[in-house]
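*Asks:* Sequence first, then the predicted structure:
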Amino acid sequence: MTRYIGALDLGTTSNRFILFDHQGQVVGTDQVEHEQIFPRPGWVEHDPMEIWQNTRRVIRGAMGKVGISGKDIVAIGITNQRETTVVWDKKTGQPYSNAIVWQCTRTDDICEALEEEGGQDRFRRTTGLPLATYFAGPKIKWILDNVAGVKAAADKGRALFGTIETWIIWQLTGGTAGGAHVSDVTNASRTLLMDLETLSWDEEILKVMGIPRQMLPRIVPSIDKNTWGHTLNEGPLGASVPVCGALGDQQAALVGQTCFGVGEAKNTYGTGCFMLLNTGTQPVQSAHGLLTTVGYQISGEKPVYCLEGSIAIAGALVQWLRDNLGLIRSAPEVETLARTVDDNGGAYIVPAFSGLFAPYWRSDARGVIVGLTRYVNKGHIARAVLEANAYQTLDIMEAMKKDSGVDLNNLKVDGGMVANELLMQFQADLLDVPVIRPAITETTALGAAYAAGLASGFWNSMADLKQYWSEDKTWTPQMDDGVRQAGIRSWKKAVQRTFDWER
């Protein structure tokens, strides 16, 4: 009988369930988008119940398309949008409010107050992270301070916190009837509450933020042979299937790209853009605006750490071009429109819609379009949209080189935007290194599948996984260095124009 690994990809804009065979090939998938809720400028929310309902729907949808039952699935792995924060009642299973999404800036005042003693890097040595609206800890504090009844419920042990993987694992494994309340170490490392060395919640930071310890999940390895729980026979899989692998989406892409060696890097072009560099079993503190984070951990082994550059707006900028400006009708049309011109016409777009993340960490920044003249047309704007993704990645690469001392030899890429060949060529030109697209571009879901498959014995070792990775296409640099440097200078001037807008 053919057996499969199921991967839940709980993204910022949609949920997907993907079935993989033993060769790491996709055999079936289903996907449903969920609503993006914007109650105020800078605020971004999701409905946790909609995400759970859509999770059930895509699981059933993918199995139905392939014609299998839950008994054909060996294990479930989960990957998720990180930092997005849910607090719910463990007795009723109902969220106390909408989830606060990682892009949301409502915690700016909380972060500023926490910075008054120790500055933006107050907790960096412990957590590897700066104080920023990005992370889950300040979002928990905001919910405790602003949503009626949550603080009292948390003090009594009734209110539970989780990022999206925690919320869905709890639901899948029983919910109010004893669902597992766990967070894998990669997601826990994004809360601003976890000690990177001990892999445990830091009591001092919890005290400073006023977060009760009892509302936090148990921290577990990403690839865990000690199964956290099983799906229910009456659940969407209709069978008892172990849930034993979880990774934040960017760490999942690192695993899916098999970047298991020190110095290997990948970049994911999704709603945001995220570049991770494997630094081995010792955390490397950044002095140049990067994050130190856990890449993955196998149960019984030391964790593997990464330096990460996080960009808030990447593919979301293409969505903005489509939905807000109406210059294109579908995302793929941006490449067609951009190819109507030879360059950006002197126009640069810095998409600081929610401030700037790495390496700047400026919550006061807001988006700009600069360099406009009467010459600039919609083709130039489309090209500037694509180039913004490549320039933001360049900023990250430069910071990584300063922190690690390692020159990047190539960049493995994944995510929805890697189908855009104009962007990939410009990225290679700008970085001046080859850019490599894998044959299987569903690397985030694949990483989650690998985590569950390794934990359940479906695959034996990470060395086995290397044989399944193959190259689809490589772009090599073609740009004259003088043109490259001129573009970089203009980009950096444009970034400076975004600062202090909200001050």
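*Replies:* Structure's in. What do you need? Keep in mind that this is a model prediction, so the values were computed, not measured. Numbers count the residues shown, from 1 in each chain.
*Asks:* Can you get me a residue count around Gly379?
*Replies:* Neighbours of Gly379 under the rule other CB atoms under 10 Å: 19. C-beta coordinates here come from the backbone N, C-alpha and C atoms, glycine included.
*Asks:* Contacts only, for it.
*Replies:* Shown in contact with Gly379 (CB atoms under 8 Å, 6 or more residues apart in numbering): Leu337, Ala338, Arg339, Thr340, Val341.
*Asks:* first vs last residue of stretch 97-111, how far apart are they?
*Replies:* End-to-end span of stretch 97-111 (CA to CA, to the nearest Å): 21 Å.
*Asks:* helices and strands around the helix or strand bottoming out on mean pLDDT in the chain, which ones?
*Replies:* Lowest by mean pLDDT, DSSP states H and E among the helices and strands of the chain is helix 462-466, with a mean of 85. In terms of contacts (3 or more CB pairs under 8 Å, 6 or more residues apart in numbering; DSSP states H and E), helix 462-466 is packed against helix 443-456.
*Asks:* try 10 Å
*Replies:* helix 249-256, helix 443-456 (3 or more CB pairs under 10 Å, 6 or more residues apart in numbering; DSSP states H and E).
*Asks:* Pull out the buried positions in it.
*Replies:* By neighbour count on 16 or more other CB atoms under 10 Å, the buried set for helix 462-466 is Leu465.
*Asks:* Could you do stretch 135-148 as well?
*Replies:* Phe135, Ala136, Gly137, Pro138, Lys139, Ile140, Lys141, Trp142, Ile143, Leu144, Val147.
*Asks:* what comes up buried for stretch 40-49?
*Replies:* Per 16+ other CB under 10 Å, stretch 40-49 contains these buried residues: Gly42, Trp43, Val44, Glu45, His46, Asp47, Pro48, Met49.
*Asks:* Kindly report the same for stretch 208-217.
*Replies:* Val208, Met209, Ile211, Pro212, Met215, Leu216, Pro217.
*Asks:* Once you drop chain neighbours, what's closest to the second one?
*Replies:* Of all residues not flanking Met209 in the chain, Lys141 sits nearest, at 4.9 Å (CB to CB, 6 or more residues apart in numbering).
*Asks:* show me the contacts for the one you found.
*Replies:* Counting by CB atoms under 10 Å, 6 or more residues apart in numbering, Lys141 touches Thr85, Thr107, Ile110, Cys111, Ala113, Leu114, Leu192, Val208, Met209, Gly210, Ile211.
*Asks:* repeat that for 7 Å
*Replies:* Neighbouring residues of Lys141 by CB atoms under 7 Å, 6 or more residues apart in numbering: Ile110, Met209, Gly210, Ile211.
*Asks:* right, and out of the contacts of Gly379, which lies closest to Val418?
*Replies:* Closest approach between those and Val418, by CB to CB: Ala338, at 15.5 Å.
*Asks:* so for stretch 230-240, what's the average pLDDT?
*Replies:* The predicted model gives stretch 230-240 an average pLDDT of 90.
*Asks:* do stretch 10-28 as well
*Replies:* For stretch 10-28, the mean per-residue pLDDT is 92.
*Asks:* buried sites along it?
*Replies:* Buried residues in stretch 10-28 (16+ other CB under 10 Å): 10-13, 15-20, 24, 26, 28.
*Asks:* now the helices and strands packed on helix 462-466 as a markdown table including mean pLDDT, mean neighbour count and distance to Arg158?
*Replies:* Putting the helices and strands packed on helix 462-466 into a markdown table (pLDDT from 0 to 100; neighbours: other CB atoms under 10 Å; distance: least, CB to CB, whole Å) gives the following:
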| stretch | mean pLDDT | mean neighbour count | distance to Arg158 |
| --- | --- | --- | --- |
| helix 249-256 | 92 | 31 | 29 |
| helix 443-456 | 93 | 30 | 30 |
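*Asks:* Same list (those helices) but as a markdown table, adding distance to Gly61.
*Replies:* Shown next, in a markdown table, are the helices and strands packed on helix 462-466 (distance: least, CB to CB, whole Å):
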| stretch | distance to Gly61 |
| --- | --- |
| helix 249-256 | 21 |
| helix 443-456 | 15 |
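*Asks:* between those, which gets nearest to Ile68?
*Replies:* helix 443-456 (15.0 Å).
*Asks:* Do me a favour and get the end-to-end distance for stretch 451-467?
*Replies:* End-to-end distance (CA to CA), stretch 451-467: 16 Å.
*Asks:* shift numbering so it begins at 20
*Replies:* Understood, numbering begins at 20; the last thing we discussed is stretch 470-486.
*Asks:* Distance from that stretch to the middle of the chain?
*Replies:* Distance of stretch 470-486 from the chain centroid (CA atoms, centre = their mean, to the nearest Å) equals 22 Å.
*Asks:* How is Ile97 assigned, secondary-structure-wise?
*Replies:* In three-state terms, and counting by DSSP: H, G, I helix; E, B strand; the rest coil, Ile97 is strand.
*Asks:* ok so, going back, name only those of the contacts of Gly398 that count as buried.
*Replies:* By neighbour count, with 16+ other CB under 10 Å, the contacts of Gly398 hold Leu356, Ala357, Val360 as buried.
*Asks:* about what we covered before: got the CA positions of the least confident helix or strand of the chain in PDB?
*Replies:* Coordinates of each C-alpha in helix 481-485 appear next as PDB, following Å, rounded to 0.1, in the frame of the first residue of the first chain:
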ATOM      1  CA  MET A 481      18.600  14.200   6.500                       C
ATOM      2  CA  ALA A 482      21.200  12.700   4.200                       C
ATOM      3  CA  ASP A 483      18.400  10.700   2.500                       C
ATOM      4  CA  LEU A 484      16.600  13.900   1.800                       C
ATOM      5  CA  LYS A 485      19.500  15.500  -0.100                       C
END
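*Asks:* picking that back up, just the ones of the buried residues of stretch 154-167 in helices?
*Replies:* Secondary structure from DSSP state H places Ala155, Gly156, Pro157, Lys158, Ile159, Lys160, Trp161, Ile162, Leu163 of the buried residues of stretch 154-167 in helices.
*Asks:* Turn those residues into TSV, columns for pLDDT and distance to Thr205.
*Replies:* TSV is the format used below for those (pLDDT from 0 to 100; distance: CB to CB, whole Å):
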residue	pLDDT	distance to Thr205
Ala155	95	13
Gly156	96	16
Pro157	96	19
Lys158	97	18
Ile159	97	18
Lys160	97	22
Trp161	97	23
Ile162	97	22
Leu163	96	24
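*Asks:* between the residues you listed, which is nearest Gly254?
*Replies:* When these are compared against Gly254 (criterion: CB to CB), the nearest one is Ala155, at 26.4 Å.
*Asks:* Just to check, Val120 is in contact with Pro67?
*Replies:* No: with contact defined as CB atoms under 7 Å, Val120 does not reach Pro67; the gap is 11.0 Å.
*Asks:* Residue ranges of each domain in this structure, please.
*Replies:* 23-269, 278-457+489-521 (the TED database).
*Asks:* Straight-line length of the longest one, end to end?
*Replies:* Looking back up the chat, that one is domain 23-269. Domain 23-269 has an end-to-end distance of 23 Å (CA to CA).
*Asks:* Where is the longest helix in this protein?
*Replies:* Under DSSP H, the chain gives helix 397-423 as its longest helix.
*Asks:* Give the buried residues for it.
*Replies:* Buried, per 16+ other CB under 10 Å, within helix 397-423: 398-419, 422-423.
*Asks:* Enumerate every residue touching Ile332.
*Replies:* Gly291, Pro370, Phe372.
*Asks:* again with Leu148
*Replies:* Phe142, Phe154, Leu211, Leu310.
*Asks:* Please verify my assumption that the second one contacts Leu211.
*Replies:* When you say that, I think you mean Phe154. Yes: the criterion here is CB under 7 Å, and Phe154 meets it with Leu211 at 4.1 Å.
*Asks:* if we can go back for a sec, point out the one among the helices and strands packed on helix 481-485 that comes closest to Lys84.
*Replies:* Nearest to Lys84, of the helices and strands packed on helix 481-485 and by CB to CB, is helix 462-475 at 15.2 Å.
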